[in-house]
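**Q** sequence-free structure coming up:
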């Protein structure tokens, strides 16, 4: 029991961290403003999306009617909301690499296969910036650079438009089960499930009926629910066709099976399988509605007041330098307040002057002398030691690393410049290494997008390279 509780706390703390930094408030504000103005391409750019589709080409290849439908859906797309709900992986909560998510399908008469509007993530070796690509997929050659995969049935969102369509985001409340009674007993057929509390059991029957209807089986049938890497649940659902749709679907049977025994059956999407993380965080008291995405907060807590800035996860956390007792991580955007250091029995200040972090209570001649002493392997003043530590191995390095990993380059640089100054010259150390590694990864991503840096067949670079350093904090092994 204690092990289960500890795992749940670790999993929820990971989701909390993801909600804090994966979709920054500035991204939400910029993307929302452009979407409201009708600039869907600008909204996608603000949310870190690459658009690998051209509506004129789509009209020429697939017809004007389909291109018009695509354009209408793109105007409804909230790319920041889609990024919020995209599938993620342990141990860092990054976007699931190499995944193509179907947003909607366009079935046209006379066409053998539907055209999909997809959101795609890059392979793990080229995931710098956590960028997402929008494209049309018709089963032929993939649009954009090679290396993107075909749509995954497990992560389809064409049945869950409320997770990316701003006009339908209010459906999240009832589709996630937020307005239902979660204190009642689980269905009898759920007794065979491991860790049943994480599953959205109350929605499985209805969501399975929607899935079967979309697959042309309106009367019901069997579908597969993924319970883990090797276990599946065969769910047999029947829908009444004589009651006008008012009666909920019935679960006739539920049987746990091996993964290989369920080939060919419809798969219940992950979005309908698990309890919404935001709902778990709210119910557990881990987060307040003001720190959620505005559209998510409006759906899950319609009566809750919104903060004045309206940003999700607003406010940067502060950190302290334990060795010197000085706060070196003031809030981003706050006033430049001098920090206090214990220096040879006195309380001295260090602060930003002309864009650099310098001692304020030592004359320039003394500083030059102490710097020369340090160059000759001597011990410098405590004030200079604190400044040196801030440049090489600051206590807030983990936050900078996490923000860079999640694509929040602006937030990471704001943290660095807010502490060290805009004219800071970084010294050799972990902070410089992290920033250089982020720059190299961006170059690697650019090469991937240009089709110039694909790995040799069978030799895809491991995700655990310099871009995934082993110095990150430990995470639970399983995440969803």
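**A** It's in. This is a predicted model, so every value here is computed, not measured. Numbers count the residues shown, from 1 in each chain.
**Q** for the stretch 51-200 of the chain, what are the low-confidence residue spans?
**A** Screening the stretch 51-200 of the chain residue by residue with the criterion pLDDT under 70, one finds the ranges 141-146, 180-186, 194, 196.
**Q** So which residues of it form strands?
**A** Residue ranges of the strands in the stretch 51-200 of the chain, as given by DSSP state E, counting those that start in this stretch, are 88-89, 94-95, 100-106, 115-121, 132-137.
**Q** by contact count, what packs against the fourth one?
**A** It refers to strand 115-121. For strand 115-121, the elements it packs on are helix 64-76, strand 100-106, strand 132-137, judged by 3 or more C-beta pairs under 8 Å, 6 or more residues apart in numbering; DSSP states H and E. To be clear about C-beta, it is placed using only N, CA and C from the backbone, and glycine gets the same treatment.
**Q** Ok, which of the strands of the stretch 51-200 of the chain comes nearest residue 223?
**A** Ranking those by proximity to residue 223 (C-beta to C-beta) places strand 100-106 first, at 16.8 Å.
**Q** partner strands of that closest one, parallel or antiparallel?
**A** Strands that pair with strand 100-106, judged by DSSP bridges, come out as strand 115-121 (antiparallel).
**Q** quick one: contacts of the partner strand?
**A** Residues from elsewhere that reach strand 115-121, judged by C-beta atoms under 8 Å, 6 or more residues apart in numbering: 49, 62, 66, 70, 73, 82, 86, 95-106, 108, 127, 130, 132-138, 144, 148-149, 151, 158, 164.
**Q** Next: stretch 99-108.
**A** Outside of stretch 99-108, the residues within contact range by C-beta under 8 Å, 6+ apart are 62-63, 65-66, 69-70, 73, 77, 82, 86-87, 114-121, 137, 148-152, 155-158, 161, 164.
**Q** any idea which of the strands of the stretch 51-200 of the chain is most buried?
**A** Among the strands of the stretch 51-200 of the chain, ranked by average contacts under mean count of other C-beta atoms under 10 Å, first place goes to strand 115-121 (a mean of 24).
**Q** Secondary structure element for residue 362, which one?
**A** Under DSSP states H and E, no helix or strand contains residue 362.
**Q** got a pLDDT number for it?
**A** Note for residue 362: predicted pLDDT of 92.
**Q** so how far is residue 117 from the closest residue to residue 71 other than its chain neighbours?
**A** Using C-beta to C-beta, 6 or more residues apart in numbering and skipping residues adjacent in sequence, the residue nearest residue 71 is residue 55, 5.7 Å away. Spatial separation of residue 55 from residue 117 under the definition C-beta to C-beta, to the nearest Å is 12 Å.
**Q** Overlap in contacts, the two.
**A** Taking C-beta under 8 Å, 6+ apart as the contact criterion, the common neighbours of residue 55 and residue 117 are residue 70.
**Q** Using the record's domain definitions, break this structure down for me.
**A** Structural domains annotated on the chain: 22-156, 196-300, 339-449, as defined by automatic domain parsing.
**Q** Redo the strands of the stretch 51-200 of the chain as a markdown table? Include distance to residue 14.
**A** A markdown table is the format used below for the strands of the stretch 51-200 of the chain (distance: least, C-beta to C-beta, whole Å):
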| stretch | distance to residue 14 |
| --- | --- |
| strand 88-89 | 9 |
| strand 94-95 | 11 |
| strand 100-106 | 21 |
| strand 115-121 | 18 |
| strand 132-137 | 20 |
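**Q** Among the ones you listed, which comes closest to residue 409?
**A** With C-beta to C-beta, the closest approach to residue 409 among those belongs to strand 94-95: 14.7 Å.
**Q** Quick one: list the elements packing against that closest one.
**A** Secondary-structure packing of strand 94-95 (3+ C-beta pairs under 8 Å, 6+ apart): strand 88-89.
**Q** and if we set it to 10 Å?
**A** Packed against strand 94-95, as judged by 3 or more C-beta pairs under 10 Å, 6 or more residues apart in numbering; DSSP states H and E, are the following elements: strand 88-89, strand 115-121.
**Q** quick one, which of these is nearest to residue 225?
**A** strand 88-89 (19.7 Å).
**Q** Report all helices and strands that that closest one contacts.
**A** Packing partners of strand 88-89 (3+ C-beta pairs under 10 Å, 6+ apart): helix 2-21, strand 94-95.
**Q** What pairs with that strand, parallel or antiparallel?
**A** As assigned by DSSP bridges, strand 88-89 forms pairs with strand 94-95 (antiparallel).
**Q** how much distance is there from the partner strand to the middle of the chain?
**A** 5 Å (C-alpha atoms, centre = their mean, to the nearest Å).
**Q** please begin residue numbering at 816 from this point
**A** Will do, 816 is the new start, and the previous item becomes strand 909-910.
**Q** ok, and the closest non-adjacent residue to residue 1012?
**A** Setting aside the residues directly before and after it, residue 1012 is nearest to residue 1090 in space (C-beta to C-beta, 6+ apart), at 7.9 Å.
**Q** Verify the stated contact: that neighbour with residue 992.
**A** Yes - Residue 1090 is in contact with residue 992 according to C-beta atoms under 10 Å; the separation is 7.5 Å.
**Q** anything in contact with each of these two?
**A** By the contact definition C-beta atoms under 10 Å, 6 or more residues apart in numbering, residue 1090 and residue 992 are jointly contacted by 1015-1018.
**Q** so which two of these are the farthest from each other?
**A** Across those, no pair lies farther apart than 1016 and 1018, at 7.4 Å, counting by C-beta to C-beta.
**Q** Overlap in contacts, those two.
**A** Overlap of the contact sets of residue 1016 and residue 1018 (by C-beta under 10 Å, 6+ apart) consists of 992, 1088, 1090.
**Q** Most neighbours among those residues, which one?
**A** Top of the shared contacts of residue 1016 and residue 1018 by neighbour number is residue 1088, holding 21 neighbours under the definition other C-beta atoms under 10 Å.
**Q** follow-up on the earlier one: which member of the shared contacts of residue 1090 and residue 992 is positioned nearest residue 1201?
**A** Lowest distance from residue 1201 to those (C-beta to C-beta) belongs to residue 1015, with 49.8 Å.
**Q** For the closest residue to the closest one other than its chain neighbours, list the residues it contacts.
**A** Taking C-beta to C-beta, 6+ apart as the measure, residue 1015 lies nearest to residue 1090, with 5.1 Å between them; neighbours along the chain are not counted. For residue 1090, the contacting residues are 991-993, 997, 1012-1018, 1098, by C-beta under 10 Å, 6+ apart.
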